[in-house]
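**Q** any chance you can model this:
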Amino acid sequence: MSKNSVVTGDKTGGDIENPPVAYQLIRRKRQKHINIRVHHNGEVTVSAPVRTSMENIRRAVKAKEKWIRGHIERVL
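**A** I've put the predicted structure just below:
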């Protein structure tokens, strides 16, 4: 198993007014918490420990969806 693995194109949440939040997922062996970053180009990166389930990652992104959308609006 490699030290880091990357999953692209995952999406979570969304409804008719707000489309799902697309993000790139990076799994890190030595990481202990889920981190969410909004880059200057509006791209969202989520890094999480290797053993964290996709359900827990999706739940964390859903819980921070308002914050993510606010930051995307600010940078674009």
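**Q** how near is the residue nearest the centre of the chain to A60?
**A** Most central in the chain under C-alpha atoms, centre = their mean is V46, positioned 3.4 Å from the mean C-alpha point. Counting by C-beta to C-beta, to the nearest Å, the gap from V46 to A60 is 8 Å. All C-beta atoms are positioned from the backbone trio N, CA, C, and that covers glycine.
**Q** before we move on, back to that, and the residue nearest to the centre of the chain, what does it touch?
**A** When contacts are counted by C-beta atoms under 8 Å, 6 or more residues apart in numbering, V46 touches 23-26, 34-37, 57, 60-61.
**Q** let's see 7 Å
**A** With contacts taken as C-beta atoms under 7 Å, 6 or more residues apart in numbering, V46 has the following neighbours: 23, 25, 34, 36, 57, 61.
**Q** in strands, which of those appear?
**A** Secondary structure from DSSP state E places 23, 25, 36 of the contacts of V46 in strands.
**Q** return the closest of those with respect to L76.
**A** Using C-beta to C-beta, Y23 is the member of the ones in strands among the contacts of V46 that sits closest to L76, with 15.5 Å.
**Q** look up how far R69 lies from that closest one.
**A** With distances taken as C-beta to C-beta, Y23 is found 12 Å from R69.
**Q** so those two - more neighbours on which side?
**A** Y23 (23 against 15; other C-beta atoms under 10 Å).
**Q** quick one: list the elements packing against the strand or helix carrying R27.
**A** In this assignment (DSSP states H and E), R27 forms part of strand 21-28. In this structure, strand 21-28 packs against strand 4-12, strand 44-49, helix 54-63, with contacts taken as 3 or more C-beta pairs under 7 Å, 6 or more residues apart in numbering; DSSP states H and E.
**Q** report the mean per-residue pLDDT for that strand.
**A** Regarding strand 21-28, the rounded mean pLDDT is 93.
**Q** all set now, cheers.
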